[in-house]
Structure formats: C-alpha cells, structure tokens
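J.: For reference, the sequence and a predicted model appear below.
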Amino acid sequence: MAAVGKLRILNAQAFTGNGSGSAFSLNGKTDQFIGFLNVTAIGAGTSLVVTIEHSPDASNWFALGAFAARTTTGANHLPQQSFTIANSHVFPNVRATLAFTGGTTTATVTCELYFDAK
C-alpha cells in the first residue's frame, strides 16, 4: 500500500440485534484494504459475524469481506485484500453489518478499515 487511509466505520457502537452502521465514503478508489475489528462487549451465548460491505451508490450493498465469528470479546482482522482484475476496485461507499445468532444479541463493536488511498 502506498498512501494509507484510515476509516473507523464503527466507533465503540452498541448493537442490540442485527443491523448495520452508517455508510462512509472512501473519497476515491482503492483496490487494497485491511480490516480490524474489536468487540469489547458481547451477550452470553451469542455468536457475532461482522461483514464489511461496499456500494457504488449507497443503496445496493455487496459483501467485501467478513471477520471470523466472535463469541467472546477480543480482536480480529481481515488480512490484506487486493483486487487483481484490471479496473476493479472497492466501491466508494463502505459500511459494516452485524449478524447475531443465539444467546443475548448485544455487542459493542469498533471496526476500522485501512486502505490504499489513491
């Protein structure tokens, strides 16, 4: 990655069920990114999957990458992802979505995206 941009797409945000965070703009194109997730609270018996999605228009969303399921507090990361097809890139809008299964569906989550700022 050349110039690295950082975007916090969830900022210690508390969730009480499936949902998504706000949409953010990458302000340009990128074809490489790394994601970091920190779960600081999670309901008993709960499994949580956080997915980073991207969109060309902030209306139609597509999965970009999913963190491994969390059942306890702690951190995960998505290894560097790169688009290798010519003229392909991450769409300019990104957000995080949360999917809970079982237990008490509550969690407090921070999610950051580091990207190749072009």
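T.: Received the coordinates, thanks.
J.: What residues sit buried inside the one helix or strand in the chain whose mean pLDDT sits lowest?
T.: Here the helix or strand of the chain ranked lowest by mean pLDDT, DSSP states H and E is strand 74-82, holding a mean of 86. Residues N76, L78 are the ones in strand 74-82 that count as buried (16 or more other Cβ atoms under 10 Å). All C-beta spots, glycine's among them, are computed from the backbone N, C-alpha and C.
J.: Check stretch 109-118 too.
T.: In terms of neighbour count (16+ other Cβ under 10 Å), stretch 109-118 has its buried residues at V109, T110, C111, E112, L113, Y114, F115, D116, A117.
J.: give me every residue that touches the first one.
T.: What it means is V109. Residues in contact with V109 (Cβ atoms under 8 Å, 6 or more residues apart in numbering) are L10, A12, Q13, F15, L37, N38, V39, T40, L48, V50, A96, L98.
J.: ok so, going back, among the buried residues of stretch 109-118, name the ones in strands.
T.: V109, T110, C111, E112, L113, Y114, F115, D116 (DSSP state E).
J.: Among the residues you listed, name the least confidently predicted one.
T.: Among these, D116 has the lowest pLDDT, at 82.
J.: That one is in contact with G28, isn't it?
T.: No: if you go by Cβ atoms under 8 Å, D116 and G28 don't touch, sitting 9.9 Å apart.
J.: Looking at the contacts of V109, which is nearest A69?
T.: The shortest approach to A69 among the contacts of V109 belongs to L48, at 6.6 Å (Cβ to Cβ).
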